[in-house]
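# show me how the following folds:
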Amino acid sequence: MENNLQNIHGTTVQIEDYGVLLLGVAGAGKSDLALRLIDHGAQLVADDQTILTLHKGLLWASSPEKLQGLLEIRHVGIHQLPFVETSPLALAINLCQDPAERLPEDQTISYLSIDLPLYHLNPFEASTPAKIRILVEHISRAKNAA
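Predicted coordinates for the structure are as follows:
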């Protein structure tokens, strides 16, 4: 039987109806970026640990039950926030201080044999939340046109 569940180190938010997986090493800024996205209307799915499941050819993100709705806000503490129990993933963002490519080639990352578009962004640039929203809007338009 094929394994259809994977627990990864990552934070997930939902923008519109699409999950965005934030990846990076400890201290990369995943929770900080999630907080800024939530402040502008995104919803928390999972902080620090994201459970990925495969259902009908789509990757779905959720939080481990004991962490549902919890977001670590550095220098403030761990706080309970409203959350979405599960969200279909649309893309992944690798958080890095100095993304190498100004105009990158398309990249993907694979989980449970499903490829997600992958982008490399600096989490602390003021424009990063807007960039993520533009990526989600682009994916939404593409899916609605199909």
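# show me the shaky parts of this protein.
1-2, 100 (pLDDT under 70).
# can you tell me which helix in it is longest?
The residue-count maximum for a helix in the chain (DSSP state H) belongs to helix 128-145.
# and that one, what does it pack onto?
strand 11-15, strand 18-23, helix 30-39, strand 86-95, strand 114-121 (3 or more C-beta pairs under 8 Å, 6 or more residues apart in numbering; DSSP states H and E). Where you see a C-beta, it was placed from the backbone N, CA and C, and this is true even at glycine.
# next, the angle from the shortest one to helix 128-145.
With axes from the mean of the first three to the mean of the last three C-alpha atoms, to 10 degrees as the basis, strand 11-15 and helix 128-145 are set at 60 degrees to each other.
# tell me the centre residue of this protein?
The chain has Leu21 as the residue nearest its centroid, 1.8 Å off, counting by C-alpha atoms, centre = their mean.
# what is that residue paired to in the beta sheet?
Under DSSP bridges, the beta-bridge partners of Leu21 are Thr12, Ala92.
# His9 is in contact with that one, correct?
No - look at Leu21 against His9 with C-beta atoms under 8 Å: they stay out of range, at 10.6 Å.
# ok, the residue nearest to the centre of the chain to Ile93 distance?
Note on Leu21: its distance to Ile93, by C-beta to C-beta, to the nearest Å, is 7 Å.
# sorry, back to before: show me the contacts for the residue nearest to the centre of the chain.
Neighbouring residues of Leu21 by C-beta atoms under 8 Å, 6 or more residues apart in numbering: Ile8, Gly10, Thr11, Thr12, Thr50, Ala61, Leu89, Leu91, Ala92, Ile93, Leu116.
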